[in-house]
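# What follows is a predicted protein model with its sequence.
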Amino acid sequence: MTASKIFLILSSLFFYGWWNTIYLPLILGSILFNFTITNLMSKFQKTKKHEFSNKILLQIGLLFNIGLLVYFKYMDFFIYNINTLLNYNIDTLKYALPLAISFFTLQQIAFLIDKYEGLINNKSFLDYSLFVLFFPQLIAGPIVHHKQMMPQFFNPRNKIFNKKNIMLGLLIFSIGLFKKVIIADTFAIWATSGFDNSISLNLLEAWATSLSYTIQLYFDFSGYTDMAIGAALLFNIMLPINFNSPYKATGMIDFWQRWHITLSNFITIYIYTPIVRSFDNFSFNKAMFATVITFLIAGLWHGSSWMFVIFGGLHGIGLVINHCWRKMKVKLNTLLSWFITFNFINITFIFFRANNLGDASKVLNGMFSINMASNVDFIQLAYFGLFFLIIFLPNSNEIMKTKLPKNLVIFATSFLFIISLLQLTNILVQSDKISEFLYFNF
Amino acid sequence: MFKVKIKQISIVLLSSVFALISFEFFLNFSPFVSNTSPVRYDEKVGMWHKENYVGYIQDECYKTKYIFDHQGLQKNVYNYDKTKKDVILLGASMIEALMVKNKNIIHNSLAREFNRKYNFMNYALAGSGPTQQYVILKDKVNLENVKYVIHFIEIEGDLLDVVSANLSPLARPKVFVEFSSLNDYRIVPPRDKTIVDTIGDFLGNYQLYNYLKKVIYHIKDSHVIKNNKPIKKTDNNNHTDDLSTNWLFIKGAIHQINNLLKLADKNIEYRIILTSNNNKNVTDMEKFLKFENIKYMHLNNIFKNNGMDLRGFKCDTHWNDETHKNIAKLINISSFIN
């Protein structure tokens, strides 16, 4: 068991180092520091003064993790804002964002808090390292909780060669690869053209641009998640689901129960709940206030830009409106609810994608203009049509739960894998660069 | 056990075939559509545009749809009017201009500038030089209704395209005309069509074939770069500094085109548009054209005098849409043709 854990840890470090070896010491240092803190917590738990000491240890741990994130991810953003506000000329650090820093920091913060709460009894450095480093989920999630992972690492049954898991893993991995290179990368071309390469957009172009990005983002991120889930299954590890057909959502509450589910869970437990707990007494208004604050933080977590804060703020407001409607027992027709929700998401993703307010207003102005002059690209139109068919098909989680005939699994896996591989090579040859996942930037 | 494995292998093979077919379909109907070959084997010229063909050409800065008509010419934006005289355009890839929007390519820009006074017909072919263009004029153009032949000569490029020794063994077949003097020449027909040409012509219609070629070139290039080997230039293997033969071939081709038009006895006027940044080459050519009494214009100078640039695409040296439109404008303004 130990040998297989060491193998997985080394594989994960190799996987991480493949991108850039410079940040290997950073992730290792972060793991070592957090493990030391949690170990010290275990020791103090045996003494009388444990609560006071553990609180200090927790604060040190939180300060370290948040400090790391701020230093590498947000420092240039702060410097830029200080320079703009106070007319200073402080040099920015210009560090390349360490891969996966947002993800491994969140996981370790959750571990620290749960350790403080006395919910964890782990003492093994190997297990802790594997929990943080496990390569399928290391780069862009799903954000895993120790409760989901640790028991699986301990389970001796997971050591056994499981043909069913391997077949299912390969199928889910291939579905993810297909989502990324065939669907997301196709829509990416239209999204990039509208956001980055156009000076102005007319009505059709603007809608095509925003819808393209909405589609790209989902298939890119859920594609990665599927690949992570599939790769983990090869090692008999079941990662939590991260997406559950979010574009079928009929409300914002529903949407966040379907979109980036592991992040929703994290912010609910570790941001929203502590904020609500900090209030003297609970009320609907306070809960709504906490929701908006939580989403502003969640927005900023995605990246160091005011655009992400706007995105988070809009989603917070969307959730508040949805809660108010629920409270007032307003019931809308399902199709109308879906239509409103989808369009709200589509519009807010403009802020998620745009580099600045100018870019965002360019797309928004086009979407609400009456300028129709445009050559309709029928191929693009057909792709949008296909997308609306696809979103009503079963998602990867539903496929995983379905008992599929073995021959169908073999056929689907090899078909999806081969066509995706062909397209991956095509993109590489055409643009001479690898098409990265969007969430690698977060 | 064996039976099961055979069945599973068959399923994988079947799905692979299905994936290949789907990928061909996907490439055809996606923004990733790539450049299929616009030419086929031609027994007179060696290669010629596919008739009634629609294709795409793309690079980082353009993605253009091109359309060839029933004769394999870049499509005109208007219908042929037999009551009007024809103006024939000869040239290479700059004039063929697959990457320029059809309505802006020189022949269509000229039609606009001259208010459709003539039928402007674009007989340009990428990879051809004046000797091949002479054969195109002789064998493909009906001179019955022609008023002007406008011949675009890009001196430095054409010097390399007229000599068969510069043709890579892997290149498509081409006709050559070898001159011993301006009046003595022999036509070297393109090599016979081989099974490889037939297969190439057939496969050239498919995205997968072009995809495979790109992958192979990419791997070869990466290998060359990795091993720090100098990149072999296939189209210029036997190039030497002595270009006297090349000059003779260019001048011979021009001389023979001039003769051909005179012999047609239809009052066809021959015009040459030169492009070159090499003053010595321009002087040599101008001297020859004056001697032959052929009206010409030096495009670089005309553009410079009018405060314009012969601009190409950002990612490609071929003239862009604006330059095509400007050339047509300058031809009109300068009364190069009436």
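Great, that's in hand. Residues are numbered from 1 along each chain as shown, chains lettered A, B, ... in the order given.

# For the rest of this, base every contact and every neighbour count on C-alpha atoms.
Fine.

# Next, see if the host helix or strand of A:Y224 gets close to chain B.
Per DSSP states H and E: A:Y224 is located in helix A:203-233. No. On the criterion Cα under 8 Å from any Cα of the partner chain, helix A:203-233 is out of touch with chain B, staying 12.8 Å away.

# Check which helices and strands that helix is in contact with.
helix A:135-138, helix A:163-178, helix A:185-196, helix A:334-353, helix A:357-367 (3 or more Cα pairs under 8 Å, 6 or more residues apart in numbering or on different chains; DSSP states H and E).

# Pull the distance from the second one to the chain's centre.
Computed by Cα atoms, centre = their mean, to the nearest Å, the separation of helix A:163-178 from the middle of its chain amounts to 20 Å.

# do the shortest one as well
Using Cα atoms, centre = their mean, the distance from the centre of helix A:135-138 to the centre of the chain it belongs to is 12 Å.

# What parts of chain A come near chain B?
Contacts of chain A with chain B, taken as Cα under 8 Å from any Cα, map to A:186, A:189, A:379-380, A:407, A:410-412, A:414-416, A:418-419, A:422-423, A:425-426, A:429.

# ok, the lengthiest strand in chain B: who's next to it in the sheet?
In chain B, assigned by DSSP state E, the strand with the most residues is strand B:146-154. Here strand B:146-154 has these sheet partners by DSSP bridges: strand B:86-90 (parallel), strand B:269-275 (parallel).

# Determine which stretch of the ones you listed is the most buried.
strand B:86-90 (a mean of 24; mean count of other Cα atoms under 10 Å in any protein chain shown).

# Quick check: which element contains A:L26?
Assigned by DSSP H and E, A:L26 falls in helix A:24-44.

# Can you give me the buried ones in that helix?
For helix A:24-44, the buried set under the neighbour-count rule, 16 or more other Cα atoms under 10 Å in any protein chain shown, comprises A:L24, A:I27, A:S30, A:I31, A:N34, A:F35, A:I37, A:T38, A:N39, A:M41, A:S42, A:F44.

# picking that back up, so the helix holding A:Y224 versus helix A:185-196, what angle?
For helix A:203-233 against helix A:185-196, the angle by axes from the mean of the first three to the mean of the last three Cα atoms, to 10 degrees is 130 degrees.

# on that earlier part again, what would the strands paired with strand B:146-154 look like in CSV with mean pLDDT and distance to A:G118?
Below are those laid out as CSV (pLDDT from 0 to 100; distance: least, Cα to Cα, whole Å):
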stretch, mean pLDDT, distance to A:G118
strand B:86-90, 95, 85
strand B:269-275, 94, 82
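
# Include distance to B:L14 when you put these into CSV, please.
Below are the strands paired with strand B:146-154 laid out as CSV (distance: least, Cα to Cα, whole Å):
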stretch, distance to B:L14
strand B:86-90, 49
strand B:269-275, 55
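
# closest one to A:F131 among these?
Ranking the strands paired with strand B:146-154 by distance to A:F131, with Cα to Cα as the measure, places strand B:269-275 first at 67.2 Å.

# the longest helix in chain B is where?
helix B:2-28 (DSSP state H).

# in its sheet, what does the helix or strand that that helix is followed by sit against?
Once helix B:2-28 ends, the next helix or strand along the chain (criterion: DSSP H and E) is strand B:39-42. Using DSSP bridges, the strands paired with strand B:39-42 are strand B:46-49 (antiparallel).

# May I have the strand it pairs with as PDB, with CA atoms only?
C-alpha atoms of strand B:46-49 as PDB (Å, rounded to 0.1, in the frame of the first residue of the first chain):
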ATOM      1  CA  GLY B  46       1.300  20.200 -65.600                       C
ATOM      2  CA  MET B  47      -1.200  21.400 -63.100                       C
ATOM      3  CA  TRP B  48      -4.300  23.500 -63.400                       C
ATOM      4  CA  HIS B  49      -7.100  24.700 -61.100                       C
END
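
# And the average pLDDT for the helix or strand that that strand is followed by is what?
Counting by DSSP H and E, the next helix or strand C-terminal to strand B:46-49 is strand B:54-59. Across strand B:54-59, the average pLDDT comes to 82.

# contact partners of strand B:54-59?
B:33-36, B:38, B:63-68, B:98-99, B:315-316 (Cα atoms under 8 Å, 6 or more residues apart in numbering or on different chains).

# Okay, now the unreliable bits of chain B?
Across chain B, the ranges flagged by pLDDT under 70 are B:1-4, B:165-171, B:223-241.

# Tell me where it has helices.
Using DSSP H, helices in chain B cover B:2-28, B:93-96, B:106-113, B:130-140, B:155-161, B:195-203, B:207-226, B:244-263, B:279-292, B:299-305, B:321-333.

# now the helices and strands packed on helix A:203-233 in CSV, with mean neighbour count and mean pLDDT?
Conversion of the helices and strands packed on helix A:203-233 to CSV gives the following (neighbours: other Cα atoms under 10 Å in any protein chain shown; pLDDT from 0 to 100):
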stretch, mean neighbour count, mean pLDDT
helix A:135-138, 24, 81
helix A:163-178, 23, 93
helix A:185-196, 20, 88
helix A:334-353, 19, 95
helix A:357-367, 19, 92
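
# okay if I get those helices as JSON lines plus distance to A:Y16?
Below are the helices and strands packed on helix A:203-233 laid out as JSON lines (distance: least, Cα to Cα, whole Å):
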{"stretch": "helix A:135-138", "distance to A:Y16": "8"}
{"stretch": "helix A:163-178", "distance to A:Y16": "19"}
{"stretch": "helix A:185-196", "distance to A:Y16": "23"}
{"stretch": "helix A:334-353", "distance to A:Y16": "26"}
{"stretch": "helix A:357-367", "distance to A:Y16": "33"}
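
# out of those helices, which comes closest to A:A3?
helix A:135-138 (16.4 Å).

# Output the following helix or strand past that closest one as PDB, nothing but the C-alphas.
Scanning forward in sequence from helix A:135-138 by DSSP H and E, the next helix or strand is helix A:146-154. What follows is helix A:146-154, C-alpha atoms only, in PDB (Å, rounded to 0.1, in the frame of the first residue of the first chain):
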ATOM      1  CA  HIS A 146     -10.300  14.700   2.900                       C
ATOM      2  CA  LYS A 147     -13.500  12.800   3.900                       C
ATOM      3  CA  GLN A 148     -13.900  11.900   0.300                       C
ATOM      4  CA  MET A 149     -10.300  10.900  -0.400                       C
ATOM      5  CA  MET A 150      -8.600   9.500   2.700                       C
ATOM      6  CA  PRO A 151     -10.900   6.400   3.200                       C
ATOM      7  CA  GLN A 152     -10.300   5.500  -0.500                       C
ATOM      8  CA  PHE A 153      -6.500   5.700   0.000                       C
ATOM      9  CA  PHE A 154      -6.800   3.400   3.000                       C
END
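
# Does whatever residue of the stretch 1-150 of chain A ends up closest to chain B lie in a helix or a strand, and which?
Proximity of the stretch 1-150 of chain A to chain B (Cα to the nearest Cα) peaks at A:W18, 18.9 Å away. A:W18 belongs to helix A:2-19 when assigned by DSSP H and E.

# buried stuff in that helix?
In helix A:2-19, counting by 16+ other Cα under 10 Å, buried: A:K5, A:L8, A:I9, A:L10, A:S12, A:L13, A:F15, A:Y16.

# Compile these into JSON lines and extend it with columns for pLDDT and distance to B:R186.
Formatted as JSON lines, the buried residues of helix A:2-19 follow (pLDDT from 0 to 100; distance: Cα to Cα, whole Å):
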{"residue": "A:K5", "pLDDT": "82", "distance to B:R186": "78"}
{"residue": "A:L8", "pLDDT": "85", "distance to B:R186": "73"}
{"residue": "A:I9", "pLDDT": "89", "distance to B:R186": "74"}
{"residue": "A:L10", "pLDDT": "91", "distance to B:R186": "71"}
{"residue": "A:S12", "pLDDT": "89", "distance to B:R186": "69"}
{"residue": "A:L13", "pLDDT": "90", "distance to B:R186": "69"}
{"residue": "A:F15", "pLDDT": "86", "distance to B:R186": "65"}
{"residue": "A:Y16", "pLDDT": "86", "distance to B:R186": "66"}
